[in-house]
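[1] Model the following, please.
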Amino acid sequence: MKFIEFKNVNKTYSTGVTALADINVEIEKGEFVFVIGHTASGKSTFIKMLYREEKPTDGSVMVGGVNVAKLRNRKVYKLRRKIGVVFQDFKLLPKLTVYENVAFALECLGLKAKDIKPKVMKAIEIVGLKDKTRSFPHQLSGGEQQRVCIARAIVNEPKLLICDEPTGNLDPETSKDIMKVISNINKELKTTVIMATHDKEIVNRMKKRVLLIEHGVLTGDYLKGSYKSHENV
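    Below you'll find the predicted structure:
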């Protein structure tokens with residue numbers, strides 16, 4: 001069984017707009033996959049289905065053997081405990097330090113302080129912020145704030161890391177640094193990474209598998225390093 005599988009997935013909103021049409025795709029455990037497409041192409045809907053922010057109108061979305069499309073609302077939290085999500089806007093708690101922001105994710109799960117500390121320190125070290133544990137968000141650069149978000153997303157050691165335009169608010173050099181962090185998480189921790197992006201440079205430089213969605217249709221599935229076009233991001 002594939003780690004992630006979209007099978008005959010359709011999504012039509014109540015407005016009548018079709019966001020996704022007959023999507024079929026399989027993703028292996030440990031893969032790094034870009035999801036690209038113009039604004040309103042359907043890529044955000046695709047991403048949101050992975051953590052059950054959206055449900056398909058038809059079809060199945062399997063994540064780690066679970067059909068998240070049929071998951072009862074009261075059980076969605078169990079799915080999200082196993083998934084890390086990084087957004088474009090940092091969503092940090094301004095009155096908490098770096099350490100406290102990352103620890104908060106585990107506190108919400110009910111872990112004890114003695115179990116939280118080693119996990120938090122490991123995650124902070126992975127993203128290269130060991131010397132910033134006591135800093136507050138306003139004392140950090142945009143890139144550093146995004147690193148905190150990544151640390152928070154991986155602190156519970158998820159098997160899947162979803163990145164929704166994580167470099168959208170960052171300059172090109174900082175974006176490169178953030179992509180190095182995400183790439184290392186994929187390589188070192190064997191975490192499956194699925195990333196939606198508009199950044200042509202990142203897609204072309206990273207040479208990973210690319211899913212191209214246009215007008216809700218999966219029009220391209222390019223194997224690692226085979227994506228050449230600059231026009232559809």
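[2] Break down this protein into its strands, ranges please.
    Counting by DSSP state E, one finds strands in the chain at the ranges 4-12, 18-27, 32-36, 58-63, 66-67, 83-86, 160-164, 192-196, 209-214, 217-222.
[3] What strands flank the shortest one, and is each parallel or antiparallel?
    Within its sheet, strand 66-67 is paired with strand 58-63 (antiparallel), according to DSSP bridges.
[4] chain center to the strand it pairs with: distance?
    Put simply, strand 58-63 sits 18 Å off its chain's centre (Cα atoms, centre = their mean, to the nearest Å).
[5] excluding its backbone neighbours, what's nearest the spatially most central residue of the chain?
    Nearest residue to the geometric centre of the chain (Cα atoms, centre = their mean): I162, 1.3 Å. For I162, ignoring the flanking residues on the chain, the nearest one in space by Cβ to Cβ, 6 or more residues apart in numbering is V85 at 4.8 Å. Any C-beta I mention is one placed from the backbone N, CA and C, and that applies to glycine too.
[6] hmm, back to that, could you dump the strands of the chain into a markdown table with mean pLDDT and distance to F104 added?
    Compiled in a markdown table, these are given as follows (pLDDT from 0 to 100; distance: least, Cβ to Cβ, whole Å):
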| stretch | mean pLDDT | distance to F104 |
| --- | --- | --- |
| strand 4-12 | 97 | 27 |
| strand 18-27 | 97 | 29 |
| strand 32-36 | 97 | 27 |
| strand 58-63 | 96 | 24 |
| strand 66-67 | 93 | 26 |
| strand 83-86 | 95 | 14 |
| strand 160-164 | 96 | 18 |
| strand 192-196 | 97 | 23 |
| strand 209-214 | 96 | 32 |
| strand 217-222 | 96 | 36 |
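[7] Please consider this matter closed, and thank you.
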